[in-house]
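In: I would like to see how this sequence folds:
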Amino acid sequence: MQYKNPMTEWALAYLKAGFPPIPAEVKDDKDVVVAAVKKKGMWLEYANPILKKDKDVVLAAVKQEGMALQFADNSL
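Out: Next comes the predicted model:
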């Protein structure tokens, strides 16, 4: 799979290895954030505020950990 951000592949490997939380360099990359919150929903806290408004991202986080909803944007 090709990613827009060259750091995406590295970040996904980083998360797969279990290193917390979302690396700052890619916290605005939707692919990375979704992968991260699927692993640990509470990592939504570290996502870019724009992605905290994204229904797909928030749903992935809440499916993994219901309490992650506290980090979603209030507009949802």
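In: which stretches of the protein have low pLDDT?
Out: 1-5, 15, 17-20 (pLDDT under 70).
In: which non-adjacent residue is nearest the one residue sitting closest to the centre of it?
Out: Central residue check for the chain by C-alpha atoms, centre = their mean: the C-alpha nearest the mean position is that of residue 33, 2.1 Å away. In space, and not counting its chain neighbours, residue 33 is closest to residue 47: 4.7 Å by C-beta to C-beta, 6 or more residues apart in numbering. Glycine gets a C-beta too; all of them are placed from N, C-alpha and C.
In: and for residue 38?
Out: residue 60 (5.2 Å).
In: contacts only, for the one you found.
Out: By C-beta atoms under 8 Å, 6 or more residues apart in numbering, residue 60 lies in contact with 34, 37, 38, 41.
In: buried residues in the helix or strand hosting it?
Out: Taking DSSP states H and E as the criterion, residue 60 maps to helix 55-64. Within helix 55-64, the residues scored as buried using 16 or more other C-beta atoms under 10 Å are 57, 58, 59, 60, 61, 62, 64.
In: does the closest residue to residue 28 other than its chain neighbours count as helix, strand or coil?
Out: Using C-beta to C-beta, 6+ apart and skipping the chain neighbours, the partner closest in space to residue 28 is residue 48 (3.8 Å). Following DSSP: H, G, I helix; E, B strand; the rest coil, we place residue 48 in the coil state.
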